[in-house]
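Colleague: output the structure for:
(5 chains)
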Amino acid sequence: MAPLLEVEKIAAAYGEVRALWDVSFSVQTGEIVTLLGANGAGKTTTMRVISGLLRPLGGEVRLGGRPIHRLPAPRIVASGIVQIPEGRRLWPRMSVLENLELGAYLPESRARRAQTLDWVFSLFPRLAERRAQLAGTLSGGEQQMLAIGRGLMSRPRLLMLDEPSLGLAPILVREVFEIVRKINAEGVTVLLVEQNVRQALELATRGYVLETGRITRSGTAAELLQDPEIKRAYLGM
Amino acid sequence: MLTAPNLISVGIAALLTAGLYAVMSYGLAIIYGVMKVINLSHAGFLMLGAFMTLVYFQRWHLDPLLGALLNLPVFFAAGWVLYAVLVRRVMTSLPIASLLLLFALWLVLQNVALAIWGSEDQSIITAYTYKALPVLGFRIPLTRLLVFGVALATLGVLHFVLGHTYVGKALRATVQDPQAGVLVGIDTERISAVAFGLGTAFAAFAGSLLTLLFSFTPDFGGPFQLKSFTIIVLGGLENFAGVTVGAAILSFVESYAVLFMKASLQNVIAYALLVVALIVMPGGVAQLWTRSRS
Amino acid sequence: MQRWLLRGAALAIPALLLTLATAGQPATMPEIKIGTVLPLTGAFGASGNYFKQGYTMAIDDVNKAGGLAVGGQKYQVSLTVLDDGSDGTRSRSLVEKLVTDQHVNFLLGGYDTSLVEAQEVVPDQYKIPYVEGGGAASEIFKRGYKYVFGTLATVYDMGKITMDFIAYEISQGKLPKPVSLAVVWENTDHGKDYINAVLDQAKAHPDLFKVVLNQSFQLNGSDFSPLLQQVKASNATVFLSDAHLPDFITMHRQYLQAGMHHELVSYGARGPDQKGRQALGPGADYLIAALWWTPALKDPASQLFTDRYTKEYHAVPDWFQALSYDTARVLLQAIRNAGTLQGPAVRDALARGVFRNALVPGGVIRFGPNGQIAGSPYVMVQNMPGNTVRIVWPRKLPETRDAILPMPRMQ
Amino acid sequence: MRALSARLPWARGAPWAPRASALAALALGILLALVPAVAPRDITLLNLGFFTFLYVAQGLAWNVLGGYAGYVSFGYAAFFGLGAYTTALLWLAGWPPLATYPVAGIVAAAFSLIVGVPTLRLVGPYFSIATIGVGEAMRVLMLNLDRITGGASGLNLPTAVPSKTWFYTTSLLFAAVAFAVAAWVRGSRVGLGLMALRMDLEAAESLGVRTALFKNVAHSLGAFLVGACGGLYATFLQYVHPDTVFSFTESISLVLIALIGGLGTVWGPVLGAVVFYAVQDYLQTSYPTFHLLVYGVLLILILLFEPKGLAGLAERAWRRMRGAPARLAPAGPSGAEPAAPGRGGAG
Amino acid sequence: MTAALALEHVTKRFGGLLAVSDVSIEVAPGQITGLIGPNGAGKTTLFRVISGGLRPSAGRVFFEGREITGWSPHAVCRLGVCATHQIVRPFPDLTVLENVLVAAAFGSGGRLAPRSPRAEAEEVLEFTGLASRGDAPAAALTLAQRKRLEIARALATRPSVLLLDEALAGLTPTESQQAVALIRRIRDRGVTIVMIEHVMRAVMDLSDRVLVLNYGRLIADGPPRAVTSDPQVIEAYLGRALEEA
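Modeller: Got it, this is the predicted structure:
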């Protein structure tokens, strides 16, 4: 079976500044795959290429075998990929419910909105309680949940999470990861970018290490967890 | 002269004016919110809206209120087209470029109108132009009341559209964070077109309502545009609900201030409020009670 | 270094274009060039266009009659009209341009006091006679210019005549004695002249007049309701307002909408204007106005002009067209009288001349030593239902009738 | 202020370029100064020169803050008006006009500080909106200060005025001074600071640029020059009226001049003013009713097709002629390429 | 000896968020201090509090014994504390030389007495290896060159204290090594350096002392080896395993 997502030799740049050289990896249906790497290694850039926010200079991105790297961002969402951006980027002056509803903006997902909403509320009961509250007034953890919930509203096949643990207290990080696991169990494939290496690898099935715009290592989570190079890269030991 | 009934009737007049002010500023606020550009052609569309109302009125004896409604789709389309062929092209360059482009557009609109209708004062008289309703012992001009009512109704509709339709929500979302919009599949380019269309439509709509109260020429619109700036700045620029508050503040301050100063200084109030509001409360009046957000 | 050359070329090209564009076409028959700068656009655009009509009619008259005979030679008369967009700076520099670039022999004035004031420095510098019918503030004629002549009686006189009329009506028992007046005026020279006249008269006759409100407002205001609230609160019997056309329309509409009523309402020279009547409909009925001219004047010259104008433009003329027509005719007559195209000679002809057969009430135009029209040829009229007017003052004119006072309330 | 005036050897690549620019300006200036000698009676030409130079001077003055620092003001009419009225009042009090111009400049500059200190803290478009408010408020205020400004009557000034040649020459001198100031600022430390803060205010600040000070210096420098121009204008017109000298049209003219010519360049406002005034003059005479329409369309075309103005166009043409590829437009949000004539050839 | 830089109980709050919480540090002159911590730990906020971009909610900041709390950035810079930015922000339309010239002309606060700003700028370009690109517009530089330019600009202000915010992020290993060498040479000139860095190897190689920030708090302070073996640090970095939590 073809992998759900195949990234093949993509290269990208911001203006004249090259950010990705030659990145290839794949994600199988049902997996949680994590992209590891230091700041500036190109993790977010890779995500932006996949979600169509940044046009690659070369290479291909395929979803279920279909090339998507030339599609505009909204079409990529429609095809089943959603990115939960770093820093959540909610609409602070809109209610929780409105944020969620807009997650199902595309006509395809609009039709199933009520059902999806029930599902999201079952995953995040706290959001259900606060549905009328403005997103800007939620706590950090709640905001992260809302961001994930908003992403789920489009019923994605692939959920891309960019640093979901950023700025959250450890207990909340745990909670968020717990939910990611649950979402995955319900059939959503997950691509996770994390700084929190150990937790990411606890959660993921496989991982890739990105260094200065190139994939330098890959393996199962267990392999990477044992890899001394990972420790070296992160702690300089 | 500061008798109680006098103060009250000034208050009523101010309230009625506030409705008009709000309607005439909404278009500016929507365009600013989504595109972050001050629409200097706003006055042009106010004026053109008024002239189109005149055309409907003369050709088909269409009441200005109906003319206002007809203007909505007509100018929505016009705004959309203008966005697509003109405005879109400068949105990516300097902010000043879009500002000046819209200024140039105003110049063009003004002079096209001049070529078509000449510079004479035009006005529309309807059966109810001079009618008035007694309310609690105060005489309220029917046109003002109508304009106020229509303004309220439109604001209601607008709030409904912004709050309860997908396009409206997408529009608000784009105002707050366009990038996040892209991530859920909102086509920001299209939303910008919608915003420019809506902004234009509302300007023209307000222009139609103005014909019930004022005579107009191709030069008409300038002072209203400056007042609209003041209103949306007072309202907080990105806060649609703030527009109504801004309109009320300007209208009340203007109306009552004239009791204490030369009437010929009336416009200074709007200009001074504009500058002071920008400097002292860049977040608009709303920031006074939503300080908490950092 | 070449690119500095290039830049030089860039500088030169527009200048070159300009030269090419302004190279005049040679005339086949001797020509008298008359130039005028009018506000065809901008705040005074409408009135500016009326002035253009009046000037054009007068000049067409002589051209159709085979040209203007000056010193035994027939001349074709041409009129160059430039638009200043109601802007003073542009107005002034364009007038100078007419003289220095278009080489006009004579100048006709612009419209509105402020623009005339900007223009009037030019004529003396070049000794080009300048006749205007668009600025009536006395300030224009206080600067001692020798080549500037005005056919409009002062606004001060307008205020004074209005007060005379009110005094007469008091004497007839149609208005209470003393009568209380609410006066608002636009913050321009025009308005200042008006309020000064009203205040002077009120001071001279404290037994007749009591000014209970005196407020100025800004030209081209958009909303007069706060001002009108004050007028209402002043409980005056008579409401006087000196306003330009757009402000008059806006203000009186708001006045009527507010359900206000006074025994006598006058907007200075506004009221019988066709645009005003169209804009206000029955709302303009019974307004009193002081005018330099009205189509209701029954003298033959006025009647003839009204007919001709109506035929040509399919509209009833207002004082704008009549006064500009008169203004141009006075200038043409002075040229004829002088028998030469020399500026100083024509100036003297203007200063000395008595121009009969004019449209202004009384039919005679003569200039005082300061260049402004002598005497105060005004009529007071009252709008009547059915878009007609009635002359109500001065009493000596044969067509004068009694005014309907107090004004009936609008239905 | 000594530190500020420390001149920097600042051009690169082609060290002759600024010198060539200065030489060209000098040659042009001398050439233009000879015009009255050649055609002393051509009043049209002298007037055209007077107004064009007046606009050149003001465009250059506006460009110091608007172009170099990127703070687009729609309120310079306030400075122009204050300058005009200062000269008017002093002239009426018996001063010779020439002596009043520095005072006119100082009054305008002082006012620019009062307005600038609070408003220059606003960013980009907000500053622009605020200046519209300030400009219009000044106009209406002045209309109501009858005692000082003559209110809506304006002020009639002495009728004895200098000759057309005098006006032409003085105006040319003003333009020359403005050019020298603009070119000096651009090549000096001040200009460097202004351009840095335009491109990135925070970065400039963190590298030690006193941004608030520099913005105000640029603002008052521009105000001083525009105020002096207002004074000269009042002398020429012999009549000042608030609606005329404080008009929004005056404010917008300066923006248009800089924009047409090329924001932030030294030669841009020169070209811009020539085209602005000459084209306007031509259109006004040829199409009295349509000149503004034509003007609006022209403006839209410039904005759509040559956002860098005539200076950009000239530069492009020059490159094309030399066969060099046009430099990639910088992508950053600051956009406007400040390429001065002095550095274009080397790029 | 006075500390080059001293923070006393510095706290910075954004609305409800505590970005920096009661941090007290003294930095000795001439040292390289590494400031590490997970994303969002408050490192950059701390830098901005020092360099004047942000006024602390509480606490005081000293430079060579002089209080500089709440000074504006330009004043702090001219006094001798200069910060580079995590996201490089060269002036895009200026050339590389001009970029550095801005810093030399404005930021030096008179510390380059005998030299002209231009000479200083050229010297700095030479020192940072950018001399050959002096005439290139800054917009045309590669990321590595931009990072270098960012450092060059800061250096041209002749700082006593240099705050480097992720100067190595995004560089290839070779570029990274070059940058490390450059930073070392800067230290050798006597400049006190505080650097935020994620590239651990570089931090370990360069730093005389490492500070670790987590959730706005200082959780470790000491020589590199000691810090990296601190279990609290390992937990902050690699995260506690889920089941242990």
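Colleague: element containing B:T200?
Modeller: For B:T200, the element it lies in under DSSP states H and E is helix B:188-211.
Colleague: and that helix, does that touch chain C?
Modeller: No - on the criterion Cβ under 8 Å from any Cβ of the partner chain, helix B:188-211 is out of touch with chain C, staying 8.7 Å away. Backbone N, C-alpha and C define where each C-beta goes, glycine included.
Colleague: so who does C:G362 touch?
Modeller: When the contact criterion is Cβ atoms under 8 Å, 6 or more residues apart in numbering or on different chains, the partners of C:G362 are C:G375, C:P377.
Colleague: quick one: it from C:A236, how far?
Modeller: Using Cβ to Cβ, to the nearest Å, C:G362 is found at 32 Å from C:A236.
Colleague: burial count for the residue in the stretch 101-250 of chain D that chain A sits nearest to?
Modeller: Residue nearest to chain A within the stretch 101-250 of chain D (Cβ to the nearest Cβ): D:M199, separated by 14.7 Å. For D:M199, the neighbour count with other Cβ atoms under 10 Å in any protein chain shown is 28.
Colleague: kindly report the same for the one 3 residues further on.
Modeller: Other residues within reach of D:E202, judged by other Cβ under 10 Å, total 14.
Colleague: three-state assignment of it?
Modeller: Put simply, D:E202 is helix when judged by DSSP: H, G, I helix; E, B strand; the rest coil.
Colleague: where's it relative to C:I249, distance?
Modeller: To C:I249, D:E202 is 53 Å away according to Cβ to Cβ.
Colleague: other SSEs contacting the one helix or strand B:L114 maps to?
Modeller: B:L114 belongs to helix B:95-117 when elements are defined using DSSP H and E. When contacts are defined as 3 or more Cβ pairs under 8 Å, 6 or more residues apart in numbering or on different chains; DSSP states H and E, helix B:95-117 packs onto helix B:42-60, helix B:88-90, helix D:124-144, helix D:248-261, helix D:291-305.
Colleague: and the fourth one, how far out from the chain middle?
Modeller: If you compare the mean C-alpha spot of helix D:248-261 with that of the full chain, they lie 8 Å apart, counting by Cα atoms, centre = their mean, to the nearest Å.
Colleague: following that helix, which helix or strand comes up?
Modeller: According to DSSP H and E, the helix or strand after helix D:248-261 is helix D:268-286.
Colleague: and the third one, by the same measure?
Modeller: Read in the C-terminal direction, the helix or strand following helix D:124-144 is helix D:146-149, with elements assigned using DSSP H and E.
Colleague: return the set of buried residues in that next one.
Modeller: D:T149 (16 or more other Cβ atoms under 10 Å in any protein chain shown).
Colleague: so C:E186 is in contact with C:D242, correct?
Modeller: Yes - contact criterion Cβ atoms under 8 Å: C:E186 and C:D242 qualify, at 6.0 Å.
Colleague: more neighbours, these two?
Modeller: Counting neighbours by other Cβ under 10 Å for C:E186 and for C:D242 shows that C:D242 has the greater number, 31 against 26.
Colleague: determine the longest helix present in chain D.
Modeller: Secondary structure of chain D per DSSP state H: the longest helix is helix D:211-237.
Colleague: hmm, it in reach of chain C?
Modeller: Yes - residues of helix D:211-237 are located near chain C by Cβ under 8 Å from any Cβ, namely D:Y233, D:L237.
Colleague: does anything pack onto that helix? Which helices or strands?
Modeller: Judged by 3+ Cβ pairs under 8 Å, 6+ apart, helix D:211-237 is in contact with helix C:88-100, helix D:43-63, helix D:77-92, helix D:97-119, helix D:164-187, helix D:189-199, helix D:201-206, helix D:242-245.
Colleague: alpha carbons only: can I get stretch C:147-158 in CSV?
Modeller: Written as CSV, here are the backbone C-alpha positions of stretch C:147-158 (Å, rounded to 0.1, in the frame of the first residue of the first chain):
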residue,chain,number,x,y,z
TYR,C,147,-8.3,98.0,-13.0
VAL,C,148,-10.9,96.0,-11.0
PHE,C,149,-14.6,96.7,-11.5
GLY,C,150,-17.5,94.9,-9.9
THR,C,151,-21.1,94.8,-11.1
LEU,C,152,-22.5,93.2,-7.9
ALA,C,153,-23.8,95.5,-5.3
THR,C,154,-22.2,94.7,-1.9
VAL,C,155,-23.5,92.1,0.4
TYR,C,156,-23.5,94.8,3.0
ASP,C,157,-26.2,96.5,1.0
MET,C,158,-28.0,93.3,0.7
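Colleague: so what's the model's average confidence on that stretch?
Modeller: The pLDDT scores in stretch C:147-158 average 92.
Colleague: by contact count, what packs against the longest helix along chain E?
Modeller: Longest helix in chain E by number of residues, with DSSP H as the criterion: helix E:173-188. Contacts defined by 3+ Cβ pairs under 8 Å, 6+ apart place helix E:173-188 against helix E:143-156, strand E:192-196, helix E:200-206.
Colleague: run the last query once more with 10 Å
Modeller: strand E:32-36, helix E:117-128, helix E:143-156, strand E:161-165, strand E:192-196, helix E:200-206 (3 or more Cβ pairs under 10 Å, 6 or more residues apart in numbering or on different chains; DSSP states H and E).
Colleague: and C:L341, how many residues sit next to it?
Modeller: 17.
Colleague: can you read off the pLDDT for it?
Modeller: At C:L341, the pLDDT value in this model is 93.
Colleague: could you do D:M195 as well?
Modeller: Listed pLDDT for D:M195 reads 92.
Colleague: show me what contacts it?
Modeller: By Cβ atoms under 10 Å, 6 or more residues apart in numbering or on different chains, the contact set of D:M195 is D:67-70, D:186, D:204, D:264, D:334, D:338, E:91, E:93-94, E:98, E:102.
Colleague: C:V316 too?
Modeller: Counting by Cβ under 10 Å, 6+ apart, C:V316 makes contact with C:P272, C:D273, C:Q274, C:R277, C:T294, C:P295, C:T306, C:Y309, C:T310, C:N387.
Colleague: ok, now how distant is it from chain B?
Modeller: Plainly put, C:V316 is 14 Å away from chain B if you go by Cβ to the nearest Cβ, to the nearest Å.
Colleague: re earlier: reformat the contacts of D:M195 as JSON lines; add pLDDT and neighbour count.
Modeller: Putting these into JSON lines (pLDDT from 0 to 100; neighbours: other Cβ atoms under 10 Å in any protein chain shown) gives the following:
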{"residue": "D:G67", "pLDDT": "91", "neighbour count": "32"}
{"residue": "D:Y68", "pLDDT": "92", "neighbour count": "28"}
{"residue": "D:A69", "pLDDT": "93", "neighbour count": "28"}
{"residue": "D:G70", "pLDDT": "90", "neighbour count": "25"}
{"residue": "D:R186", "pLDDT": "88", "neighbour count": "25"}
{"residue": "D:A204", "pLDDT": "92", "neighbour count": "28"}
{"residue": "D:G264", "pLDDT": "85", "neighbour count": "29"}
{"residue": "D:S334", "pLDDT": "34", "neighbour count": "18"}
{"residue": "D:P338", "pLDDT": "33", "neighbour count": "27"}
{"residue": "E:F91", "pLDDT": "91", "neighbour count": "29"}
{"residue": "E:D93", "pLDDT": "85", "neighbour count": "24"}
{"residue": "E:L94", "pLDDT": "89", "neighbour count": "20"}
{"residue": "E:E98", "pLDDT": "92", "neighbour count": "26"}
{"residue": "E:V102", "pLDDT": "92", "neighbour count": "29"}
